[in-house]
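Enquirer: this is a predicted model, with the sequence first.
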Amino acid sequence: MQQDNNMPIIEIDSKSGFCFGVARAIKMAEQIISEQKPVVSLGDIVHNAEEISRLEKFGMSSVSHEHIQSLGSKTVLFRAHGEPPSSYERLQKQGACIVDATCPVVLKLQQRIHKAWLEMAEKNGQIVVYGKKGHPEVTGLVGQTNGEAIVISNTDDIRSIDPSRPLVLFSQTTMDLKGFEAIRDSIRIWMNPGVEASFHNTICAQVGNRAPHLRVFASKYDVVVFVGGEKSSNAKVLFNVCKEVNTSSYFASSALEVQPEWFPLNVKSIGICGATSTPLWLMEDVAGKIKSFFMP
Ligand code: SF4
């Protein structure tokens, strides 16, 4: 949108913003709130502090897993990342009402991992998950294997894999493809010859498709502002994609963090984009702030 002679073109990427799974979880939370029922999210519903604070104003609260007992029989929402079986068991025992907003893509992955784990048990095999140790989605995935899956975050971690036992590799849904391929290739070399190993790229298409799209988007503008939460691993991955193709890319978690010095006087175009956990309203806020820098 061209505003006037001094105003650069400021555009929000139409493909950025909540992925299907996060949008669905937030819609479910909003639905319960609209029915005037108090709802507690087990862990942050989305890795975005601004969106959490918006939902808190409407009456949603969140509780960390250490305080699961304090939830008693309340209505508890499971976020898109999913939960291990132990969370279901515990809350059911307490008489809590579970609203399960686990993303269907994550749910399917949990089921695949559980099935592979049962199959591997018969062959003395091992389940490996490429992901971030301690990430809530990974905790839910490892829970499908009675805690036995090996989590690896980089090629150094491969040493924890027994090269003499069969193996099945899966990926956390938000990991990056290059990292997955590097892990897969290193495992191939690490395994003893003839030992069965199968590899499943389970990176979500909603994440996988964004990286190539952002590469094109970020290269079209003089300056790029990436909007994302500090805690979001997806935001870090996608911001780095922008930075690779456009060195004038900046990270902001809210409009307050946007700095006027990011925009040189001769800037002609500014692109705004975000992660799968970034709400559209936040990118619009950032656009408004940038616009204000160019107002007379
Ligand atoms: S990134 Fe994909 S798997 Fe993860 S919540 Fe979004 S849609 Fe679901």
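Expert: Thanks, I have it. All of these numbers come straight from a predicted model, not from anything done at the bench. Residues are numbered from 1 along each chain as shown.
Enquirer: the helix or strand where E244 lies vs the ligand: in contact?
Expert: Assigned by DSSP states H and E, E244 belongs to helix 233-245. No: using Cβ under 6 Å from any ligand atom, helix 233-245 stays clear of the ligand, coming no nearer than 6.7 Å. From N, CA and C alone the C-beta is placed, and that goes for glycine too.
Enquirer: neighbouring contacts of that helix?
Expert: The contact list for helix 233-245 (Cβ atoms under 8 Å, 6 or more residues apart in numbering) reads 47, 132, 135, 174-176, 207, 210-211, 214-215, 217-219, 224, 226, 228-229, 249, 251, 273-278.
Enquirer: list only buried entries from the residues you listed.
Expert: Among these, those scoring as buried are 47, 135, 174-176, 207, 210-211, 214, 217-218, 224, 226, 228-229, 249, 251, 273-278 (criterion: 16 or more other Cβ atoms under 10 Å).
Enquirer: just the ones of those in strands?
Expert: V224, F226, S249, F251, C273, G274 (DSSP state E).
Enquirer: what are the ranges of the helices in the stretch 51-200 of the chain?
Expert: 85-94, 104-121, 136-142, 177-190 (DSSP state H, counting those that start in this stretch).
Enquirer: how about the residues of the stretch 101-250 of the chain by the ligand?
Expert: C103, V105, V106, T173, T174, C204, Q206, V207.
Enquirer: so who does the residue of the stretch 151-296 of the chain found nearest the ligand touch?
Expert: Residue of the stretch 151-296 of the chain nearest the ligand, by Cβ to the nearest ligand atom: C204 (3.1 Å). The contact partners of C204, taken as Cβ under 8 Å, 6+ apart, are C19, G21, V105, T173, T174.
Enquirer: for A287, same thing?
Expert: Contact partners of A287, counting by Cβ under 8 Å, 6+ apart, are I10, I12, I272.
Enquirer: check which helix or strand covers it.
Expert: With DSSP H and E as the criterion, A287 is inside helix 280-293.
Enquirer: compute the inter-axis angle for that helix and strand 223-227.
Expert: Angle of helix 280-293 versus strand 223-227, following axes from the mean of the first three to the mean of the last three Cα atoms, to 10 degrees, is 140 degrees.
Enquirer: flag every buried residue along helix 280-293.
Expert: Within helix 280-293, the residues that qualify as buried are L282, M283, D285, V286, A287, K289, I290, F293, counting by 16+ other Cβ under 10 Å.
Enquirer: just the C-alpha atoms of stretch 264-280, please, in CSV.
Expert: Coordinates of each C-alpha in stretch 264-280 appear next as CSV, following Å, rounded to 0.1, in the frame of the first residue of the first chain:
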residue,chain,number,x,y,z
PRO,A,264,17.1,4.2,6.5
LEU,A,265,15.7,7.4,5.0
ASN,A,266,15.7,6.1,1.5
VAL,A,267,13.8,2.9,2.4
LYS,A,268,11.3,2.1,-0.3
SER,A,269,9.7,-1.1,0.8
ILE,A,270,9.2,-2.9,4.2
GLY,A,271,7.9,-6.5,4.5
ILE,A,272,6.3,-7.8,7.7
CYS,A,273,6.1,-11.5,8.4
GLY,A,274,5.8,-13.9,11.3
ALA,A,275,5.8,-17.4,12.7
THR,A,276,3.0,-20.0,13.0
SER,A,277,2.4,-18.6,16.5
THR,A,278,2.2,-14.9,15.5
PRO,A,279,-1.3,-13.4,15.4
LEU,A,280,-2.3,-11.2,12.5
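Enquirer: can you report phi and psi for the closest residue to the ligand within the stretch 51-200 of the chain?
Expert: Proximity of the stretch 51-200 of the chain to the ligand (Cβ to the nearest ligand atom) peaks at C103, 3.2 Å away. C103 adopts backbone torsions of phi -60, psi 130, taken as degrees, to the nearest 10.
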